[in-house]
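Q: Below is the structure, and that's it, no one-letter string:
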C-alpha cells in the first residue's frame, strides 16, 4: 500500500527528484524482475518440451531484449537498492 500511495503522490506532483524512485519502489522492482525471469524460463522450458530449439538459458537475454539493457540495469539497481 505504501508504494501505491507514493505513486499517487508522484503523479500528482509531476516532478520526481533524483533517487526518489529508487528509494520508494524497491519491492516492486525486485518482484517484477523475478517474475519476468521466472516466466521467461518457464516459457522456454515449455517450448523446449514441445521440441522447439529455444534453450531455457536464453530467458535472461529475452528479458533484457524486452526491457532493454538500460531498463534491466535500472530495475536491478532498484531491486538491490543502489
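A: Perfect, thanks for sending it. Nothing here was measured: the structure is a model prediction, and the numbers come from that model. Numbering: from 1, shown residues only.

Q: Ramachandran angles for residue 41?
A: With angles defined as degrees, to the nearest 10, residue 41 shows backbone torsions of phi -60, psi -40.

Q: if I look at it, how far off is residue 16?
A: Computed as Cβ to Cβ, to the nearest Å, the residue 41 to residue 16 distance reads 33 Å. To be clear about C-beta, it is placed using only N, CA and C from the backbone, and glycine gets the same treatment.

Q: So the two - more neighbours on which side?
A: Neighbours were tallied for residue 41 and for residue 16 using other Cβ atoms under 10 Å; the higher tally belongs to residue 41 (17 against 11).

Q: so how far is residue 51 from the closest residue to the more buried one other than its chain neighbours?
A: The shortest distance from residue 41 to any residue other than its chain neighbours is 4.2 Å, reached at residue 59 (Cβ to Cβ, 6 or more residues apart in numbering). Residue 59 sits 18 Å away from residue 51, taking Cβ to Cβ as the criterion.

Q: and the nearest residue to residue 43 once chain neighbours are set aside, what element?
A: The spatially closest residue to residue 43, leaving aside those adjacent along the chain, is residue 59, at 7.6 Å (Cβ to Cβ, 6+ apart). Following DSSP states H and E, one finds residue 59 within helix 59-67.

Q: Give me the pLDDT value at the most centrally placed residue in the chain.
A: Within the chain, the residue whose C-alpha comes closest to the C-alpha centroid is residue 33; the distance, by Cα atoms, centre = their mean, is 3.2 Å. Among the per-residue scores, residue 33 shows a pLDDT of 80.

Q: swap in residue 1?
A: The predicted local distance difference test score for residue 1 is 61.

Q: same deal with residue 22?
A: Reading off the per-residue confidence, residue 22 sits at a pLDDT of 68.

Q: rewinding a little: quick one: which of residue 59 and residue 51 has more around it?
A: In terms of neighbours (other Cβ under 10 Å), residue 59 is the more surrounded of residue 59 and residue 51; the figures are 20 against 6.

Q: all helices for this structure, in order.
A: Assigned by DSSP state H, the chain shows helices spanning 2-13, 20-24, 26-49, 59-67, 69-80.
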